[in-house]
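1. Show me the folded form of this:
(3 chains)
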Amino acid sequence: MTITNYDERIIKVNQPVPGAPNNWRRFFGFNTDAKVIGIQYIVTALIFLLLGGLLGMLIRGELITPPSDLFDPTVYNGLYTMHGTVMLFLFLFPILSGLTNLLVPPMIGAPDMAFPKLNALAFWLVPVFSIVLLTSFFVPGGPASSGWWSYPPVSIQNPLGHFLNGQMLWIVAIGLSGVSSIMGAINFVTTIITMRAPGMGFFKMPIFIWTVLAAQILQLLGLPALTGGAIMLFFDLNFGTSFFNPETGGDPVLFQHFFWFYSHPAVYVMVLPVFGIFSELFPTYSRKPLFGYKFVAVASFGITILSLVVWVHHMFYTGTPMWMRNLFMFTTMLIAVPTGVKVFAWIATLWGGNLRLNTPMLFCLGGLFNFIFGGITGVMLATVPIDIHVGNTYFVVAHFHYIIFNTIAFGIFAGIYHWFPKFTGRMFYEGLGKVHFTLTFIGATLNWLPLHWAGLLGMPRRVASYDPEFAIWNVIASIGAFMLGVASIPFILNMVSSWSRGKKSPPNPWDAIGLEWLLPSPPPHENFEDDIPTVLNEPYNYGLNKPFVVDEEFYISKALNDS
Amino acid sequence: MTTTKSEVLLHTPGHVKHDGHNLTGFIIFLCSESIIFFAFFVGYGVLKITAPTWYPDGVSGIAVREPLINTIILVSSSFVIYFAERYLHKKNYWGFRIVWLVTMLMGSYFVYGQYVEWSELTFSLSSGVFGSLFYLLTGFHGLHVITGILLMGLMLIRSFIPGNYDSGEMGVESISLFWHFVDVIWIILFILIYVWQ
Amino acid sequence: MNLKDNINPKISLIIGISFAVFIDLVLSKLMASWSYSWLPVQASKAAPYVDNLFAFETGIGTFIFLGCSGVIGWVLLFNRAPKYDESYGEPFEGNVKLEIVWTLVPLFLVIAIAIYSTKVNTTLQNLGEKTKYDSQKELPTYLDNNEASAGTFIDVISRQWSWEFKYPEGFSSSELHLPINEKVYFRLISKDVIHGFYIPAFRLKQDIIPGSIISYSLTPTRKGIYRLRDSMFSGAYFSQNQTNVIVESKDAYQEWINKTVKKVPVDGLNQAGFLYKKRLEKGDKGWATISPSPSPQVNDPGNPDSAHEG
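-> Alright, predicted model coming up:
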């Protein structure tokens, strides 16, 4: 330890391990470190996954028999509304923000996000609006019960006439969630645009960063439309305005336009980062370069642009004119093209690889398999005549869950397992992970595959009771749902026990390429601090003789020494 | 646990700017914020074209004269704030403060004018589609004007802190940008509500 | 592997791929013909068009799905790394030709599907046109086209949560009786919120928008009893908002009209009202709901328990 000819600040004491007993408190306070915020988001979201899952199982409990016998129908309506809202706004959006927070700064070599305080504020809004939303269970009249679409006039009927009602709290919660998401989006976009490592041009960024950028730009363009609609709905509900109220000349279908202008792209906001996760993991575990890096990268923006002009496909049967239906059918189907580019690229990446089937890879493969299926039913739904038959039936519910759970949640699980050693510094238990995957895959398939047939036969969605001919599909689905509940047990066990006493993780346990893998596990507070690597190539050159960064050996040995 | 190295580094350590991205972030925010207004404008247009009844009973149109004066004042304040910024660039702090205050006063007059207009109207938020839209649009815009004036006040106070502009004038630039934004929104709003009758 | 050593690898690859594509095609064709059985009986002129389109897309979908998952399955079987083997796979980075192929092929496929669907769409529109009218302006009594001016409308009135069908002969019913093979015209009216007029056996669905009146038409082609369901969530007793559609021969239909016209109006089918009364008797437990609208007064309350197909 003698001469140093580089920055003094590099040689300083490491941050204590996150989660080590002496500093667990930092996860419960206003911390501006993106890595702490990321873990805060993920843990909060996983707790809400359990709540949303419980609500889902209650729904499936009611639907295991044809009559409405477990709950009063009003309770059923409240439960399914809250199930959707909790899963989307309290689980999926926060957990993706969490993964994005964890991954964006290390992946681009930045020390932190561009606006750390704004970042912390965005996170702390999550508990605030969660409490607002969950309070609605206890107000007179119960929570919002008009579905997560909240279509007027049902949503503005306000049966008890109180100012403080479940629907009103629902709108406030969604509004705050929107504010939090916009704060996050501004932060992510600014960080990605301005804080990349030297040498990291746009076409050297990891695909995950590409997809986050595409998704967050979509968030910035789409979300305000929903906010606008929600403000108008709020006034209609509580102040007697007549934007969407047909009795006083308003137009209820107008709300549907505002709602879907955002809420369809919202699915892409969620699925794009998952495409990013797929694109990171398939090359790593196939030991092969990503097939057609540039095509995969650009396809993300193809999806962003197209997804802004497809929303009317949710309104094919509301009396939209013919030309509009044909036009939006075509734009919707076009999304299959950039998506197809990605899917084929992943499959080509797998082809001829040397596959390592550990838990993250299994979740990725499961997610891809389900996504191909969900994509095909998506094209069917885009077809006007078919949509007129199966729209608003269980076919849509099944398709939607194939995307939102069987693809997006699978991808999220894959991401959590893949980067778990990096950010906790410990390995997870492979055995428990495989049990988790097996139960999840079988449960999810049993739950949603049969419901396609219920929908084709004409079972409307959102019903508390149904005709006996649909019983068989629903029984299978309910068994699958309960199995998914069981699947959470090995997952929780794995996460908790691995984090507290798992085997120590080396800096790069998967032998992966990427800036985050050049850091110690867990990475120090400011990642590379004042010695950020200069990037030479995109991070997918497995087996090729292309250096990733200048002086890679130095960073590898530094990470090893610091771990 | 420290790195022990005696040889020379084989690379130049890279750096990225930690902060100073406020203006970029603010521009992104404004782009997003404009979509809310865009949504309201689209709603206005659609309902104006399709609603079975437009004006509330007893209302046949809306007066243009006072709002026009208001508009002229607000739009010209956009030019005034530009001069304030120029003074600041030239490090003429008192010039900046005075012209900045003039902008604030012009903004305040606009809010006052809005208040007078609201109090003289015979219809309310709940009188039909037009009433709802009118108060929503002007109210939401007014909220932005008030926010702008408050933020300008904050900048004015901060201009007295010694060394406030050592690290750049990003705060003033952002607020000025916000003010232009509020102006442009008003021009569209004025055309929609008052000109397109 | 031995096989590959003997035969030119390029030829064996081509043979292998053609064989796989052939199997895939056969399975897709089978799936497409099987897909008809997943749908309810075809009871309207529109139904066969929708079902053919669905079978077509099922076929294409199966082909793509089996193709992709076949490759994934192959890779899973034959490209797994042995334990502790961390060597690299074949390092190819991409292939621009292949990328262009799999951009253009889906593009053409999508355009083909869109053109076919647009055609079906136009056919359906001609089979049963629909137009939206403003309810505050004058109600249409006749459709604009000549063919329609001969017929009159059956008014479909939807409420939270009951259906009422008003016939031009001046009576109303809780069940929808229709003559077979004759084009019928509807005016879809909602008294409160958005409802969905959905008859799975007809493959037809139309949202009923309060504040608008929608003229709608269809032609039933098969005798039988089918379900009409509310397909757009309409509040607490949404799932009870269903009734039967009875398609019968022209004579039977006429007979039913003659019989029903003479009947005295009684409370119509109102399952929601019945359940709500039960709830009130039990102490009004559960979360808030607006009370169901009173039962419509109809000449024929129908029989909700009669067996339905589809």
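2. For the rest of this, base every contact and every neighbour count on C-alpha atoms.
-> Fine.
3. if I pick residue A:67, what's in contact with it?
-> Residue A:67 makes contact with A:464, A:465, A:466 under the criterion Cα atoms under 8 Å, 6 or more residues apart in numbering or on different chains.
4. and the host helix or strand of residue A:388, what does it pack onto?
-> Taking DSSP states H and E as the criterion, residue A:388 maps to helix A:384-390. Packing contacts for helix A:384-390, counted by 3 or more Cα pairs under 8 Å, 6 or more residues apart in numbering or on different chains; DSSP states H and E, involve helix A:322-334, helix A:359-382, helix A:430-456, helix C:46-78, helix C:96-127, strand C:204-208.
5. Reformat those as TSV; add mean pLDDT.
-> Putting the helices and strands packed on helix A:384-390 into TSV (pLDDT from 0 to 100) gives the following:
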stretch	mean pLDDT
helix A:322-334	93
helix A:359-382	96
helix A:430-456	97
helix C:46-78	95
helix C:96-127	90
strand C:204-208	94
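6. what's the spacing between whichever residue of the stretch 351-500 of chain A sits closest to chain B and residue C:201?
-> Nearest residue of the stretch 351-500 of chain A to chain B: residue A:425, at 16.5 Å (Cα to the nearest Cα). Separation of residue A:425 from residue C:201 (Cα to Cα, to the nearest Å) stands at 58 Å.
7. same check, this time on residue B:38
-> 42 Å.
8. And these two? Which one has more around it.
-> Neighbour totals were compared for residue B:38 and residue C:201, and residue C:201 leads with 26 against 17 (other Cα atoms under 10 Å in any protein chain shown).
9. Now for that one: which residues touch it?
-> C:40, C:41, C:42, C:43, C:44, C:47, C:226, C:227, C:310.
10. Show the model's pLDDT score for it.
-> Per-residue confidence (pLDDT) for residue C:201: 96.
11. same question, residue A:531
-> 89.
12. ok, for it, nearest residue in space, not its chain neighbours?
-> Spatial nearest neighbour of residue A:531, excluding adjacent residues (Cα to Cα, 6 or more residues apart in numbering or on different chains): residue B:13 at 4.2 Å.
13. The one you found - how many residues pack around it?
-> Neighbours of residue B:13 using other Cα under 10 Å come to 17.
14. how far away is it from residue A:198?
-> Counting by Cα to Cα - residue B:13 and residue A:198 are separated by 9 Å.
15. Please enumerate the shared neighbours of the two.
-> A:532, A:533, A:534.
16. Flag every residue of the stretch 201-310 of chain C that's near chain A.
-> Applying Cα under 8 Å from any Cα of the partner chain, we find that the stretch 201-310 of chain C lies next to chain A at C:203-211, C:214, C:229-240, C:285-290, C:310.
17. What's the PyMOL syntax to select whichever of these are buried?
-> Buried residues among those (16 or more other Cα atoms under 10 Å in any protein chain shown), as a PyMOL selection:
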select buried, chain C and resi 203+204+205+206+207+208+209+210+211+214+229+230+231+232+233+234+235+236+237+238+239+240+287+288+289+310
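18. Mind picking out the helix or strand in chain C with the poorest mean pLDDT?
-> When the helices and strands of chain C are compared on mean pLDDT, DSSP states H and E, helix C:146-149 comes out lowest with a mean of 46.
19. which of the shared contacts of residue B:13 and residue A:198 count as buried?
-> Counted by 16+ other Cα under 10 Å, the shared contacts of residue B:13 and residue A:198 give A:532, A:533, A:534 as buried.
20. How about the contacts made by residue A:172?
-> A:129, A:132.
21. for chain A, which helix is longest?
-> Taking DSSP state H as the criterion, chain A has its longest helix at helix A:252-286.
22. Roughly how far does residue A:417 sit from chain C?
-> Separation of residue A:417 from chain C (Cα to the nearest Cα, to the nearest Å) stands at 19 Å.
23. residues in contact with that residue?
-> A:359, A:360, A:428.
24. what's the helix or strand hosting residue B:39 packed up against?
-> Using DSSP H and E, residue B:39 falls within helix B:22-50. Helix B:22-50 sits against helix A:166-194, helix A:207-239, helix B:128-158, helix B:170-190, with contacts defined as 3+ Cα pairs under 8 Å, 6+ apart.
25. Can you get me a residue count around residue 46?
-> Unless you meant another one, I'm taking chain A. Neighbours around residue A:46, by other Cα under 10 Å: 19.
26. look at chain C instead
-> So residue C:46, with other Cα under 10 Å, has 26 neighbours.
27. Look up how far chain A lies from it.
-> 9 Å.
28. who are the neighbours in contact with that residue?
-> C:124, C:127, C:202, C:203, C:204, C:218, C:219.
29. Not counting its neighbours along the chain, what's nearest whichever residue of the stretch 201-310 of chain C sits closest to chain A?
-> Closest to chain A within the stretch 201-310 of chain C is residue C:288: 4.3 Å, counting by Cα to the nearest Cα. Spatial nearest neighbour of residue C:288, excluding adjacent residues (Cα to Cα, 6+ apart): residue A:141 at 4.3 Å.
30. What's the local residue count around the one you found?
-> 23.
31. again with residue C:107
-> 19.
32. Skipping adjacent residues, who's closest to it in space?
-> Per Cα to Cα, 6+ apart, closest to residue C:107 is residue A:337, 5.9 Å.
33. So residue A:456 sits against residue A:396, correct?
-> No: in terms of Cα atoms under 8 Å, residue A:456 does not count as a neighbour of residue A:396; the distance is 9.6 Å.
34. Name the residues contacting each of the two.
-> residue A:390.
35. what about the chain, any weak spots by pLDDT?
-> Because you didn't say which chain, this covers chain A. A:1-24 (pLDDT under 70).
36. That was the other one, I meant chain B.
-> In chain B (pLDDT under 70), the answer is B:1-8.
37. Nearest to chain C: which residue in it?
-> Counting by Cα to the nearest Cα, chain B gets nearest chain C through residue B:52, at 6.4 Å.
38. From residue B:191, how far out is that residue?
-> Residue B:52 is 22 Å from residue B:191, by Cα to Cα.
39. Also residue B:39?
-> Residue B:39 is 16 Å from residue B:191, by Cα to Cα.
40. Also residue C:296?
-> Counting by Cα to Cα, the gap from residue C:296 to residue B:191 is 48 Å.
41. do the same with residue B:76
-> 17 Å.
42. And residue A:414, by the same measure?
-> Taking Cα to Cα, one finds residue A:414 at 52 Å from residue B:191.
43. Please identify which of these two sits among more neighbours.
-> Legend: neighbour count by other Cα under 10 Å for residue A:414 and residue B:191, higher for residue A:414 (27 against 11).
44. Over to that one. Which of the three states is it?
-> On the three-state scheme (DSSP: H, G, I helix; E, B strand; the rest coil), residue A:414 is labelled helix.
45. Check whether it really touches residue A:361, as I assumed.
-> Yes: Residue A:414 lies in contact with residue A:361 (Cα under 8 Å); the separation is 6.8 Å.
46. what's around residue A:496, how many residues?
-> Other residues close to residue A:496 by other Cα under 10 Å number 13.
47. Could you check which helix or strand contains it?
-> Here residue A:496 is assigned to helix A:471-501, by DSSP H and E.
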